[in-house]
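> predicted model and sequence below, questions to follow.
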Amino acid sequence: MAACWARRFIPACIMGIFDMKQDAMAALRLITSLQNETVKLIRSLEQRKARKETGLFVAEGAKVVATARDQGWEPSYLLIEEEAKAQGIVGDLVAWAQTTKAQCLRAAEAVLSKLSTRDNPQNVIGVFHQRWMPEKDVDAKGVWVVLEEVRDPGNLGTIIRTADAVGARGVILIGTCCDAYAREVVRASMGSIFSVPLVKMSHESFASFMKGWPGEIIGTHLSSKADYRRSYQAPTLLVMGSEGPGLSDKTVQACTTLVKIPMVGGADSLNLAMATALMLYEIRRPDLKL
């Protein structure tokens, strides 16, 4: 008798939760016009100037927004596609966002497609406040990735994702770099933008910072005779240069060790993200276990 009652009761409970989520979705205000102020704000975030002025950035896709949630971030805005169903991750995200101070809205498909930079628009868009770690909070532990004058958003996003994968402490951006919160970076990071601390430093600040670093400062350089496949002394700063010129002369001189990735084909260099990945996995090799 009890087993029979349970079989009837449990599905009813599940359906009740689903109905509540569906009601919550239906209650969200629907946006159908591109002239809506929230829509105009989100569209403006395509521009670096608007991101700088507002301190906001856009993340697309339910999985990426769920990563933000799991890492303790809270959205300023959450837009759900009008026809999205309440079950699964979308319903969970709406329920979560409604416990925060976020503005939760439904958007017509035509509106959401204009807000998306993808050919196949996602059914969830989140808008978040940027986070930058203060210089003083950079600790001398593990490995930090330092990028000098990196200009390609795809490279930066991929490096942030790789830094997350190997358990690096964070990414330090030196000088004039591409915007870490541009959509191309956020997309390439596959959600790791929410997991990896980001720090901005001027060349002068970083030069001073390196003088007090207690471990190795590793740079890659074509003139080096040292193979990158070796043991490294923690804490480690891995300093990588821009896609074209590479490391500046001053930064090269400040490195305690210069290494080189061997190449035997016709290519004279590797993509920055690829080279950084090789270096990070070699530095972290003793600590990475299957």
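Sure, I can see it.
> and stretch 234-245, end to end?
Between the opening and closing residues of stretch 234-245 there is a gap of 27 Å (CA to CA, to the nearest Å).
> report the distance from that stretch to the chain centre.
Computed by CA atoms, centre = their mean, to the nearest Å, the chain-centroid distance of stretch 234-245 equals 19 Å.
> do the same with stretch 161-179
Centre-to-centre, stretch 161-179 and its host chain are 9 Å apart (CA atoms, centre = their mean).
> what do you get for stretch 236-256?
23 Å.
> can you give me the helices in the stretch 101-250 of the chain?
Here the stretch 101-250 of the chain has its helices, by DSSP state H, counting those that start in this stretch, at 109-115, 153-166, 183-189, 203-211, 249-254.
> which parts of the last one are buried?
Of the residues in helix 249-254, 251-252, 254 count as buried by neighbour count, 16 or more other CB atoms under 10 Å. (Glycine included, C-beta is placed from N, CA and C.)
> which element follows it toward the C-terminus?
Per DSSP states H and E, the first helix or strand lying C-terminal to helix 249-254 is strand 257-259.
> what helices or strands is the next helix or strand after that following strand leaning on?
For strand 257-259, the following helix or strand on the C-terminal side (DSSP H and E) is helix 272-283. Packed against helix 272-283 by the contact rule (3 or more CB pairs under 8 Å, 6 or more residues apart in numbering; DSSP states H and E) you find strand 143-148, helix 153-166, strand 216-220, strand 236-240.
> buried residues in helix 272-283?
Quick answer for helix 272-283 (16+ other CB under 10 Å): 272-273, 275-280, 282-283.
> and the angle for that helix with strand 236-240?
160 degrees (axes from the mean of the first three to the mean of the last three CA atoms, to 10 degrees).
> just the angle between helix 272-283 and strand 216-220, please?
Using the same axes, to 10 degrees: helix 272-283 against strand 216-220 is 140 degrees.
> how far does helix 272-283 sit from its chain's centre?
That offset, for helix 272-283, works out to 18 Å (CA atoms, centre = their mean).
> hmm, who's touching that helix?
Contact with helix 272-283 is made by 143, 145, 147, 150, 152, 154-155, 158-159, 162-163, 166, 168, 218, 220, 228-230, 232, 236, 238, 240-243, 259, 261, 269-270, 288, as judged by CB atoms under 8 Å, 6 or more residues apart in numbering.
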